[in-house]
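In: Got a predicted structure plus its sequence, pasted below:
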Amino acid sequence: MRKQRSDAVVATSLDGHNMNSLFSRRNFLKASGAVASLPLFGGLNVAAQDGAKTLTIASNVNLTAMNPTLPAATGNQLQTYYTTFFDPFIKQAPDLNYVPSVLTKWGWNEDMTKVELVVRDGVVWHDGSPFTAEDVAWSLDRAGRPENKNPLRFVWASLSNFKVDGNVVTADVVRFEPTIFKWFGFLGAYVLPKKYIEKVGLDGFEEAPIGTGPYMVEKFERNSFLRLKANDKYWGGKPAFDTVIFKFVTDGAGRVAQVESGSSDLTYNIPFEEYDRLRQKGFEGSAILVTNCATLFITNKDAMLDPNVRRAAHHAIDKKAIVQRLMRGYGEPQSTMQAREYDAYDPSIQVAYDPKLAEKLLADSGYSTQRPVQVTMQTTKGMAPKDFEITQAVAGMWRKVGIEAAIEVVDLPKRSELIRNYQAANFVFQSWSNATGDPHNCTGFALYDKSVQSCWRDRELGAKMDPLWVEKDFKKRVAGWKEIDRLVAKNAYIIPLFQYAQPIVYRKGLKVVPYKSELVLPQTMSLA
Amino acid sequence: MTGQTLFRRLALVPLTLFTVALVVFVLLRIIPGDPALLMAGPGATAADLQSIREGFGLDKPIMTQFGQWLLDLTHGDLGRSISFRADVVSVVAQRMPPTLELVFLALVIAVVLGGGLALLGTYYRGGKIEWLVDGFIALFQSVPDFLLALLLILLFTVATSLLPGSGRIDPALPVQFKTQFYIFESLVRGQFSILLGLLAHAILPAIALALPFASMIARVLKASLGDVERQDYAVMARARGYSERRILMVESLPNAVIPTAALTGIQLTFLLAGTVLVERIFAYPGIGNLAVDAVASRDLPLLQGIILAFAVLFVVVNLVSDLIVISLNPRLRNG
């Protein structure tokens, strides 16, 4: 017995008896052999295991719900997943232009009191059942009903009284929403299967979702992965990869490791330092400007009511230096909320970096580096690329002209609450995304006094915007927003910093189509 | 341990859990960040927000909410997750097994490694091996588990491609499990190739969790062995001519293991807490990873359920640890 004990020291020391048979020398050797063979079966290089057939993507956000119309599903980054297995009513091309999807035509009638939608023929759901105009009408009607808790109901409720005639859907315009068709291809705007959901219920749909998209959901493990199978019957043609695996790797370093080790073929939204390093190591990549803008919101209270302070704050920021030093040159400074691809972008509106002017403006209001104006700037940390670092850089630039900023880190829920309740600090850093490219969804929601996302709540400015929300003439509407942008820039109601670029890095031999809307769509990828 | 003592310990369990639940419930509801805002989306009206708050009972006074939560708890209902739109019990039940398996693996590694190093360091006292053991202890007590996690990924995933650095299972495997205890299930069903794949995914996070724990075990056990070796019975054994190995394994170890076992129980709770960051880094779908998501989305019912589950685990671990220590130490049995 004593001899046996010496062979199984640890087991014996733990419970004192009877563990010897389990931890015998023979079993130990067996286990050692098994552990030694782990690398042979470690699941590494899954990406390369079956060549062209499987594409593995290390993605940055967890998918929590399969139903794309839930509040938890409206994140911009989540649309990448949904757009693989659902079809949006209308698609957005890589350059933000809207192109046909399951709707082939869309528009208003002459007096803009009705909308008419033409539904594509020959589309089938993943279970083989036919896709019909009824599905489109039901999905749109459902999105606007309060009991379904669609977070974008304020848009969808502008249409009602849906009618189906063959492959044409018509609806009444309850409230004129000039951007309604842009929302047809934006957050959570997907066609859901009417008959299937009525049969299995929403819980059943959550467990086994079907769509009409190019891929079908094969397996979903929360916080782990989503495995998709190519839809042979996709109306747009079978995609290049038979299987697509999204691994949810929320940690940036983890995503880099995924690609570097060959465990994944592609990843995105990694730090630009890593992007450059991986590119130097021979990985392919793209980093195009996307519809996401780093912005400093201003709350119109206290010192921020002084236009000299606001304007000084804007003129004192060297945006080019921030892009160069923090973003390694990936990004483009902005003077308005409109990115270059947006409908209302006006290159003639510029706010120059001019620290001398900033000092003069502050001096006019009695401030200097010796007697700085005290402000607070709120930011998230790690929620947007370099969010905290950007505010640190801004604070440093401000200090040189006479603005002393205390930086306060808040998380997203707290920031939402503070802004909504008009309790945010003088400055709030946010990355503002607007893949529709419409001025409503950037200058509009960011600065309208009745918007819950606005920090600058000024009825005078709001009154100037009022007619634009219902303007039916697109050109007039865009011209109106450009004037608003000019006014905003002149008075520094908000400080747009720069337009982000999206880093995507992938293994050699892969052909990737980057989207300005930040979608990373496997159905557009192929082998080069 | 007498039945009375055991009863007293068990009687304290509900009180402990109640206190934890109450404190956490109140704290979660007074921190800034309205979950209704996150659920409602950008265009929500005040009426929409009110409707959500009413739906989840968030509009009621905190103590009323707590009373309702307790009442529901008696029926095994922990509420409905805001972000998952599913019962909290089912979400937690799905995510607890991966963490338990990971912690168990880490515990085994820590005990084997820490115990082995303590024995080696004691047996070769004064030599290079003891110096190495002490170095190991000092190094891994000072390096936090999340940093180890990153280093392990760098070494075994990026640099050498030996082991996967994320997930719990190879997503390409077309395998269905009946339970959430994948490692245990594949072992019982004799699916050894799948078992190896699961272990390959779990081994790095388990090592990241285990190394600091192993260094603690090694330090405490080595110190205890040093103390015990100076006791009369060890001196007597040496005088009788017993070998040093026999004195260490047969005379010293059974006595030295008692304080180590007691401390292991306490430290195991820290190991459980460490899963939050380590699971996140390795994208391991356990309850620690889930907790981070629940915090970010202000999913109060889910967060409450997760913390209660952790509290139950802590209580159970401490109780079992006490029972083990008592069973190892005859002097405590009638205490």
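Out: Nice, thanks for sending it over. Numbering: from 1, shown residues only, chains lettered A, B, ... in the order given.

In: Can you check the pLDDT for the residue of the stretch 101-250 of chain A found nearest chain B?
Out: Across the stretch 101-250 of chain A, the shortest distance to chain B (Cβ to the nearest Cβ) belongs to A:Pro151, at 2.3 Å. The way it works is simple: take the backbone N, C-alpha and C, and place the C-beta from them, glycine included. The score at A:Pro151 is 81. That number is its pLDDT.

In: Also B:Ile30?
Out: With respect to pLDDT, B:Ile30 scores 77.

In: List the contacts of it.
Out: Applying Cβ atoms under 8 Å, 6 or more residues apart in numbering or on different chains, one finds that B:Ile30 lies in contact with B:Ile62.

In: Now do it against chain A, distance only.
Out: In this view, B:Ile30 and chain A are 12 Å apart by Cβ to the nearest Cβ, to the nearest Å.

In: Worst mean pLDDT across the helices and strands of the chain, which element?
Out: Since no chain was named, I'll use chain A. Ranking every helix and strand in chain A by mean pLDDT, DSSP states H and E puts helix A:9-15 at the bottom, with a mean of 30.

In: wrong chain, I was asking about chain B
Out: Across the helices and strands of chain B, mean pLDDT, DSSP H and E gives its lowest value to helix B:35-40, namely a mean of 69.

In: if we can go back for a sec, the residue of the stretch 101-250 of chain A closest to chain B contacts A:Gly188, doesn't it?
Out: Yes - A:Pro151 is within contact range of A:Gly188, at 7.4 Å (criterion: Cβ atoms under 8 Å).

In: any residues in contact with both of the two?
Out: A:70, A:74.

In: what comes into contact with the host helix or strand of A:Asp135?
Out: A:Asp135 is part of helix A:133-144 when elements are defined by DSSP states H and E. Identification of contacts with helix A:133-144 by Cβ under 8 Å, 6+ apart yields A:69, A:89, A:102-103, A:117, A:119, A:148, A:150, A:152-153, A:156-160, A:162-169, A:171, A:188-195.

In: Ok, stretch A:436-444 next?
Out: For stretch A:436-444, the surrounding residues in contact (Cβ under 8 Å, 6+ apart) are A:96, A:178-179, A:182-183, A:186, A:291, A:293, A:336-339, A:341-344, A:432, A:434, A:451, A:465, A:468-469, A:477-478, A:481-482, A:484-485, A:488.

In: What's the PyMOL line that selects buried ones from the contacts of helix A:133-144?
Out: Burial among the contacts of helix A:133-144 is assessed by 16 or more other Cβ atoms under 10 Å in any protein chain shown; the matching PyMOL selection reads:
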select buried, chain A and resi 69+89+102+103+117+119+150+152+153+156+157+158+159+162+164+169+171+188+189+190+191+192+193+194
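
In: taking the contacts of helix A:133-144 one by one, which sit in helices?
Out: A:153, A:156, A:194-195 (DSSP state H).

In: what does stretch B:136-145 contact?
Out: For stretch B:136-145, contacts defined as Cβ under 8 Å, 6+ apart pick out B:117, B:148, B:208-209, B:211-212, B:214-216, B:218-219, B:222, B:274, B:277-278.

In: Restricted to helices, list those.
Out: Counting by DSSP H, the members of the contacts of stretch B:136-145 that fall within helices are B:117, B:148, B:208-209, B:211-212, B:214-216, B:218-219, B:222, B:274, B:277-278.

In: just the buried members of these?
Out: Listed as buried from these are B:117, B:148, B:208-209, B:211-212, B:214-216, B:218-219, B:222, B:274, B:277-278; burial here means 16+ other Cβ under 10 Å.

In: give me the subset of the contacts of stretch B:136-145 touching chain A.
Out: When the contacts of stretch B:136-145 are checked against chain A using Cβ under 8 Å from any Cβ of the partner chain, none falls in range.

In: which pair in those residues spans the largest distance?
Out: Spatially, the most separated pair among those is B:Lys222 and B:Leu277, at 27.9 Å (Cβ to Cβ).

In: ok, B:Leu328 touching B:Ala261?
Out: Yes - with the criterion set as Cβ under 8 Å, B:Leu328 and B:Ala261 qualify as a contacting pair; they are 6.1 Å apart.

In: List the buried residues in the helix or strand containing B:Pro254.
Out: When secondary structure is defined by DSSP H and E, B:Pro254 falls within helix B:253-281. For helix B:253-281, the neighbour count (16+ other Cβ under 10 Å) marks B:253, B:255-265, B:267-269, B:271-272, B:274-281 as buried.

In: Then stretch A:233-245?
Out: Neighbour count says stretch A:233-245 has A:234-235, A:239-245 buried, by 16+ other Cβ under 10 Å.

In: In strands, which of these fall?
Out: Cross-referencing the buried residues of stretch A:233-245 with the strands (criterion: DSSP state E) gives A:243-245 as the overlap.

In: next SSE after the least confident helix or strand of chain B?
Out: The element immediately downstream of helix B:35-40 (helix or strand, assigned by DSSP H and E) is helix B:46-55.

In: That following helix and chain A, any residue contact?
Out: Yes - Helix B:46-55 lies within reach of chain A by Cβ under 8 Å from any Cβ, at B:48, B:51-52.

In: Tell me the secondary structure at B:Asp77.
Out: Under DSSP: H, G, I helix; E, B strand; the rest coil, B:Asp77 falls in the coil class.

In: And for the residue of the stretch 351-500 of chain A at minimum distance from chain B, the neighbour number?
Out: Nearest to chain B in the stretch 351-500 of chain A, going by Cβ to the nearest Cβ, is A:Pro413, at a distance of 3.1 Å. By the other Cβ atoms under 10 Å in any protein chain shown criterion, the neighbourhood of A:Pro413 contains 19 residues.

In: surely it meets B:Pro35?
Out: Yes - with contact defined as Cβ under 8 Å, A:Pro413 reaches B:Pro35; the gap is 7.2 Å.

In: picking up where we left off before, got the buried residues for the helix holding A:Asp135?
Out: Of the residues in helix A:133-144, those buried by neighbour count under the rule 16+ other Cβ under 10 Å are A:133, A:135-144.

In: Ignoring the adjacent residues along the chain, who's closest to B:Ala214?
Out: Excluding its sequence neighbours, the residue lying closest to B:Ala214 (Cβ to Cβ, 6 or more residues apart in numbering or on different chains) is B:Gly114, at 3.8 Å.
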